[in-house]
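for reference, the sequence and a predicted model appear below.
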Amino acid sequence: MDIIISNGAGEPIYEQIVKQVKSQIMTGELKAGDALPSMRALAQALRISVITTKRAYEELERDGFIESYTGKGSFVKGQNAELLKEEYLKKVEASLTDACENAKRCGMELDELKSVLEMIWGGN
Amino acid sequence: MNGCENAIEIKGLTKRYDGFTLDKLSFNVPKGSIMGFIGQNGAGKSTTINTILNIVKPDEGEIKVMGLDHIKDEQEVKRNIAAVFDELPFNEQLNANDIDFIFADLFEKWDSKTFFGYLERFALPRKKKFGQFSKGMKMKLQIASALSHGAKLLIMDEATTGLDPVVRSEILDIFLEYLQDENNSILMSSHITSDLEKIADSVTFIDKGRLLLTGYKDDILDSHAVLKCTKSDFAEIEKSDFVSARLTDFGAEVMVADRALALRKYSGLTADKTTLEEIMLFYVNRDKKEWR
Amino acid sequence: MNRRYIAMLKHDVLLSRKTLICTAVGYIVCIILTALVFLSAKYGNIAKYSEGKADIILTLRYSMLTFAALCCSVPFTEFSGKNVISDMNCGWQKFIYTAPLTVKEQLAYRYGVNIMGLLTSVILVLPELTVLRLCSGQWSGKTELIIIAYIIAYCYIMTMVSLPLNAYFRSTDKAGLISMVITIVIAAPVMIIIKDKVDEMDNLAKAGGQEFDLNMLTDQLEDCIPYFAAAVPVLIIVSTVLSYHLMKKLLEKRVC
């Protein structure tokens, strides 16, 4: 499991962890049943406070991505990855709807919109 | 001793000296965590630590270490803690072998294997006299001995002050390892906030014998912010909404303790992430004339 | 046996490694020398050549005995002197306050070691005395025994007096000075009496055309000896008790 933390980013560290774990679950890098490192081990490896990793794991558990068992550790949960992917799909649809509306308002053509989309996708 | 929440509980600790008073200090060190005890020189950190260790008797207040009273159950407490000071407290003519020889009988749970293991890891010679050790070596020696008798609580008084960054980093790694066992806790006093910035779980700020702040480090760092604005903007900020501010010819830097509130009330002002050092600065300088 | 006492003993011995070894060597050398000198005096060179032999032998006897007595006393004066000061200054005492060692245990060790030292001193002088007897054909007279007892008692009382002073002042100068003063104050009356008597004896002896001999002095002081014999144990006990109480107060106040 790769976690990269940026101190300079405005985002709190625990949120960065949550996001990265979620995306790894969705892309399938972390599969259902995979064991996550213990909160303490992760804190030691990243040289951050164990409170931070605890919060991250708690949020991941709240959102249904992982399950924690005392004495055993935390494991990736199966189904919700699908549900979240659906959620993200909905978000993508909503953003694209917005983009289309704005494009139409300023008189953009579909082809122009497509090339802007390609440029943005390529840039990330 | 099992099942207690806090490694250290301090309530209303008061100690009066000529010209300095430790005034009703209260804070807790949660079990399984590392607490950074931050303050200027002379703020009262060493006095507090010496009181926990019963080297100084408090005038008022109660201290519990791992659920036990620090005076009534002093021996039991001391069997389970280890103190690390800024200077090596061992006679200069002794060497590491001597320490192992003596401590095997001094501490019930002394483990020579663990001790020599750390010595090897730190590349410390066994037969060299301590008088010939460098500052970094002396500190590593202290830590090696502190970690070799099964102590559940490490209390460090300015232990990393005066060490170079490489050695400090090595030592901090050792502490993180120590904390992998969630029964272990660390109280670490320092005025070098950068060490604690990363690894502290909670922090307690003390200034002139009084408690300034105590809580989870993440919470404190997230809830504080430095607003950068013009002096006229600053004039609009209510006194109760900020900690202190530094005014220059070009503007104002304002430390707030409630970032969410500040962003709501004074939207449009830049709120920067802050550091423990800045927080300490702004709180400590509250009473200075050049600051507001 | 409480293991922590052993730990404290180990600490003291390790610190005084060099001194203890030198003292032991010095003691053995002293015994050997005594044997050689007196064998020589009886059978060897000194017997053949020396004039004024009696004087030399006398001086040698006393020097050897004094040296032996001092050797025996060194260990415990080291422990309670140099080591205590070193412990205070380097922070070892501070460290001990954080270890599971009670004030009672620390005191029991410190004073126990000193009392043991006193007893062992008395025992350790015996080999020297025996050798002296074997090689010179004479048992030590009352005078010599008194001198030995005096030296050992003086060292012990001085140790008792200086222990709390060393702990408080943490340096040899002030502490040493004060304990010197105190012990001399205690010893002064005895010194004065002896000085008077010596002068008296010397004058008498000169008048009678004889050489002054310390044994004459002892004979004169015959009646004083019981008082002396009683005073020494009393002083030993009193100094121990006072020292203990002072030290207890200091340790409870966490001096370090």
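Done, it's in. Numbering: from 1, shown residues only, chains lettered A, B, ... in the order given.

list phi and psi for B:Lys64.
phi -120, psi 130 (degrees, to the nearest 10).

the nearest residue to it once chain neighbours are set aside bridge partners, please.
Distances taken as Cβ to Cβ, 6 or more residues apart in numbering or on different chains place B:Glu9 nearest to B:Lys64, at 4.2 Å, with adjacent residues excluded. For glycine as for every other residue, the C-beta is placed from the backbone atoms N, C-alpha and C. Taking DSSP bridges as the rule, B:Glu9 bridges to B:Asn28, B:Lys64.

residues of chain A that sit close to chain B?
Counting by Cβ under 8 Å from any Cβ of the partner chain, chain A comes close to chain B at A:10, A:12-14, A:40-41, A:43-44, A:47-52, A:55.

just want the residue of the stretch 51-200 of chain B that's nearest chain A.
Nearest to chain A, among the residues of the stretch 51-200 of chain B, is B:Leu176, at 4.2 Å (Cβ to the nearest Cβ).

can you give me the neighbour number for the closest residue to that residue other than its chain neighbours?
Distances taken as Cβ to Cβ, 6+ apart put A:Gln44 closest to B:Leu176, at 4.2 Å, once the chain neighbours are dropped. Using other Cβ atoms under 10 Å in any protein chain shown, A:Gln44 is surrounded by 21 other residues.

helix or strand: which one has A:Gln44?
Using DSSP states H and E, A:Gln44 falls within helix A:39-46.

what's the next helix or strand after that helix packed up against?
Sequence order places helix A:50-62 as the next helix or strand after helix A:39-46, per DSSP H and E. Judged by 3 or more Cβ pairs under 8 Å, 6 or more residues apart in numbering or on different chains; DSSP states H and E, helix A:50-62 is in contact with helix A:13-26, helix A:39-46, strand A:66-69, strand A:73-76, helix B:217-223.

and the last one, what does it pack against?
So the one you mean is helix B:217-223. Helices and strands touching helix B:217-223, by 3+ Cβ pairs under 8 Å, 6+ apart, are helix A:50-62, strand B:202-207, helix B:259-265, helix B:276-284.

now do the strands in chain B.
Secondary structure of chain B by DSSP state E: the strands cover B:6-17, B:20-30, B:34-38, B:60-65, B:68-69, B:81-84, B:153-157, B:185-190, B:202-207, B:210-216, B:225-229, B:244-248, B:251-256, B:270-272.

is chain C within reach of the shortest one?
No. Strand B:68-69 does not reach chain C (Cβ under 8 Å from any Cβ); its nearest approach is 12.6 Å.

can I see the domain layout of the chain?
Using chain A here. A:13-78, A:81-123 (automatic domain parsing).

my question was about chain B
Using automatic domain parsing, the domain parsing of chain B gives B:6-216, B:224-287.

tell me the span between the first and last residue of the shortest one.
So the one you mean is domain B:224-287. 19 Å (Cα to Cα, to the nearest Å).

and chain A, is that domain touching that?
Yes. Domain B:224-287 reaches chain A (Cβ under 8 Å from any Cβ) through B:Lys273.

in stretch A:93-102, what's buried?
By 16 or more other Cβ atoms under 10 Å in any protein chain shown, stretch A:93-102 has no buried positions at all.

hey, C-alpha coordinates of that stretch in PDB?
The C-alpha coordinates for stretch A:93-102 follow below in PDB (Å, rounded to 0.1, in the frame of the first residue of the first chain):
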ATOM      1  CA  GLU A  93     -22.400  13.100 -14.600                       C
ATOM      2  CA  ALA A  94     -23.400  16.100 -12.600                       C
ATOM      3  CA  SER A  95     -20.100  18.000 -13.400                       C
ATOM      4  CA  LEU A  96     -20.400  17.100 -17.000                       C
ATOM      5  CA  THR A  97     -24.000  18.300 -17.100                       C
ATOM      6  CA  ASP A  98     -22.800  21.600 -15.600                       C
ATOM      7  CA  ALA A  99     -20.000  21.800 -18.100                       C
ATOM      8  CA  CYS A 100     -22.400  21.200 -21.000                       C
ATOM      9  CA  GLU A 101     -24.800  23.800 -19.800                       C
ATOM     10  CA  ASN A 102     -22.000  26.400 -19.400                       C
END
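
average model confidence for it?
Average pLDDT, stretch A:93-102: 89.

which residues sit against it?
Residues from elsewhere that reach stretch A:93-102 (Cβ atoms under 8 Å, 6 or more residues apart in numbering or on different chains): A:113, A:117.

just to revisit the earlier point, and the helices and strands packed on helix A:50-62 as a markdown table, adding mean pLDDT?
A markdown table is the format used below for the helices and strands packed on helix A:50-62 (pLDDT from 0 to 100):
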| stretch | mean pLDDT |
| --- | --- |
| helix A:13-26 | 88 |
| helix A:39-46 | 90 |
| strand A:66-69 | 88 |
| strand A:73-76 | 88 |
| helix B:217-223 | 90 |
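
residue contacts, C:Ala153?
C:232, C:235-236.

how about B:Leu276?
B:36, B:38, B:193, B:196-197, B:203, B:217, B:220-221.

pretty sure the residue of the stretch 51-200 of chain B closest to chain A is in contact with B:Asp201, am I right?
No. Using Cβ atoms under 8 Å, B:Leu176 is not in contact with B:Asp201, being 10.9 Å away.

and those two? which has more neighbours close in?
More crowded of B:Leu176 and B:Asp201, by other Cβ under 10 Å: B:Asp201, with 25 against 21.

for chain A, what are the nearby residues on the stretch 51-200 of chain B?
B:172-173, B:176-177, B:179-180, B:182, B:198-200.

in ChimeraX, how would I select the buried members of the residues you listed?
Buried residues within these, by 16+ other Cβ under 10 Å, are selected in ChimeraX with:
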select /B:172,176,179,198,199,200
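
out of the residues of chain A next to chain B, which is most surrounded?
The residues of chain A next to chain B, ranked by neighbours (other Cβ under 10 Å): first place A:Ser49, 27 neighbours.

spell out which residues of chain C are next to chain B.
Residues of chain C lying near chain B (Cβ under 8 Å from any Cβ): C:3-4, C:6-7, C:10-11, C:14-15, C:86-87, C:90-92, C:94-95, C:97-102, C:254, C:256.

quick one: buried ones out of these?
Among the residues of chain C next to chain B, those buried by neighbour count (16+ other Cβ under 10 Å) are C:4, C:7, C:10-11, C:14-15, C:86-87, C:90-92, C:94-95, C:97-101, C:254, C:256.

which residues does the most far-flung residue of chain B relative to its centre contact?
Note on chain B: the largest C-alpha distance from the chain mean falls to B:Ser232, namely 38.4 Å (Cα atoms, centre = their mean). Listed by Cβ under 8 Å, 6+ apart, B:Ser232 has no contact partners.

change it to 10 Å
B:251-252 (Cβ atoms under 10 Å, 6 or more residues apart in numbering or on different chains).

now B:Lys198
Here B:Lys198 is in contact with A:7, A:13, A:46-49, A:52, B:172, B:176, B:217 (criterion: Cβ under 10 Å, 6+ apart).

what is the nearest of those residues to C:Lys248?
B:Leu172 (41.2 Å; Cβ to Cβ).

return the most buried member of the domains of chain A.
Ranked by mean neighbour count, the domains of chain A are led by domain A:13-78 with a mean of 17 (mean count of other Cβ atoms under 10 Å in any protein chain shown).

now do the end-to-end distance for that domain.
Length of domain A:13-78, first residue to last, Cα to Cα: 25 Å.

which strand residues bridge the closest residue to B:Leu227 other than its chain neighbours?
Among residues not flanking B:Leu227 along the chain, B:Val254 sits closest, at 4.3 Å (Cβ to Cβ, 6+ apart). Beta-bridge partners recorded for B:Val254 (DSSP bridges): B:Leu227, B:Ala245.

tally up the residues packed near B:Val254, please.
For B:Val254, using other Cβ under 10 Å, the count is 26.

pretty sure it contacts B:Phe234?
Yes. Counting by Cβ atoms under 10 Å, B:Val254 touches B:Phe234, with 6.2 Å between them.

mind telling me which residue of chain C is nearest chain A?
For chain C, Cβ to the nearest Cβ, closest residue to chain A: C:Thr98, 26.4 Å.

quick check: the gap between the residue nearest to that residue when sequence neighbours are not counted and C:Arg254.
Of all residues not flanking C:Thr98 in the chain, B:Ala83 sits nearest, at 4.2 Å (Cβ to Cβ, 6+ apart). B:Ala83 sits at a distance of 13 Å from C:Arg254 (criterion: Cβ to Cβ, to the nearest Å).
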